[in-house]
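Q: need the 3D shape of this:
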Amino acid sequence: MPLFLIKSIIALFLLIAALTSAFSMFTLLGKAEKKADPAVLRKVHRTAGFVFGLLLLVLITLGADFLAAEGDSVSPRVVIHYTLALSLFAIFLLKFLSVQFFKLFLRIVPTLGMTVFVLTLVIVLGSAGYYALRGGKIYPPATASGAAKQTELQGNMETGSRLFAGRCAGCHFSDREDQKIGPGLKGLFRRSSLPVSGRPVTVDSILRQLKTPFKSMPAMTGLTEQDLADLLAFLKTI
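A: Have a look, this model is predicted:
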């Protein structure tokens with residue numbers, strides 16, 4: 001399952017936890033007549049807060065892993081998004097510590113809670129909105145210069161098949177989608193996104209994965225531009 005899909009699912013549950021926590025807080029503090037038992041509302045609020053903190057920690061860990069894998073190629077938008085997520089976690093941690101250990105700061109806890117809720121909406125909906133505006137594409141399309149460079153070299157499928165057998169077949173199947181060590185690559189160019197990274201299936205994305213891989217895949221060092229063109233020619237046929 002692509003990383004971005006995993007993060008999106010977790011972010012959805014994070015938003016649900018934030019809404020549940022905020023609703024229970026608003027009901028406790030904002031309504032003169034409460035239909036629900038205050039003890040039950042407090043329990044719901046604490047449970048939703050615990051789930052929220054756990055999911056946020058998972059998202060931050062995945063984000064750190066992504067930033068480490070992408071290196072200097074990461075976009076400023078991603079850096080800003082991750083910085084906001086860290087800020088959200090810091091405010092949430094301050095709220096938790098105030099409730100659990102620093103009772104003198106209890107008067108600011110509702111303000112911190114509302115800040116957590118608003119910032120969660122900004123982060124989750126801002127990311128979802130950007131994703132929607134781009135038509136479901138996380139990465140920008142390949143540049144014209146990159147596409148022109150690829151058309152200069154005509155790949156040989158048979159040579160690419162031999163390269164795949166020597167350099168890739170130890171970790172990837174070419175005739176099925178089953179996991180070997182890495183994901184199976186059958187029908188790669190007919191997919192909408194690359195396995196693991198979630199990048200769109202383009203020549204530039206595949207070359208980027210070969211040269212500076214996402215996650216634990218080793219870089220395909222020692223390959224010439226012609227070798228890469230041959231390998232791409234083979235991948236288009238499987």
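Q: so what touches stretch 219-227?
A: 153, 155, 159, 163, 167, 210-213, 228, 231 (Cβ atoms under 8 Å, 6 or more residues apart in numbering). Heads up, the C-betas are built off the backbone N, CA and C, glycines and all.
Q: same thing but 10 Å
A: The contact list for stretch 219-227 (Cβ atoms under 10 Å, 6 or more residues apart in numbering) reads 149-150, 152-156, 159-160, 163, 167-168, 207, 209-213, 228-231.
Q: may I see the buried residues of the helix or strand harbouring residue 228?
A: Residue 228 is part of helix 225-235, with elements assigned from DSSP states H and E. Neighbour-count burial for helix 225-235, with 16 or more other Cβ atoms under 10 Å as criterion, is recorded at 227-235.
Q: equivalent analysis for stretch 20-28, please.
A: Neighbour count says stretch 20-28 has 20-22, 24-25, 27-28 buried, by 16+ other Cβ under 10 Å.
Q: whichever of the contacts of stretch 219-227 end up buried, select them in PyMOL.
A: Only the buried entries of the contacts of stretch 219-227 go into this PyMOL selection, using 16+ other Cβ under 10 Å:
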select buried, resi 150+153+155+156+159+160+163+167+168+207+209+210+213+228+229+230+231
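Q: just the ones of the contacts of stretch 219-227 in helices?
A: In helices, judged by DSSP state H, the following of those are found: 149-150, 159-160, 163, 167, 207, 209-211, 228-231.
Q: the helix holding residue 228: how far from the chain's middle?
A: With Cα atoms, centre = their mean, to the nearest Å as the basis, helix 225-235 stands 29 Å off its chain's centre.
Q: what helices or strands is the top helix by length along the chain leaning on?
A: The longest helix of the chain (DSSP H) is helix 38-70. When contacts are defined as 3 or more Cβ pairs under 10 Å, 6 or more residues apart in numbering; DSSP states H and E, helix 38-70 packs onto helix 3-30, helix 76-100, helix 109-133.
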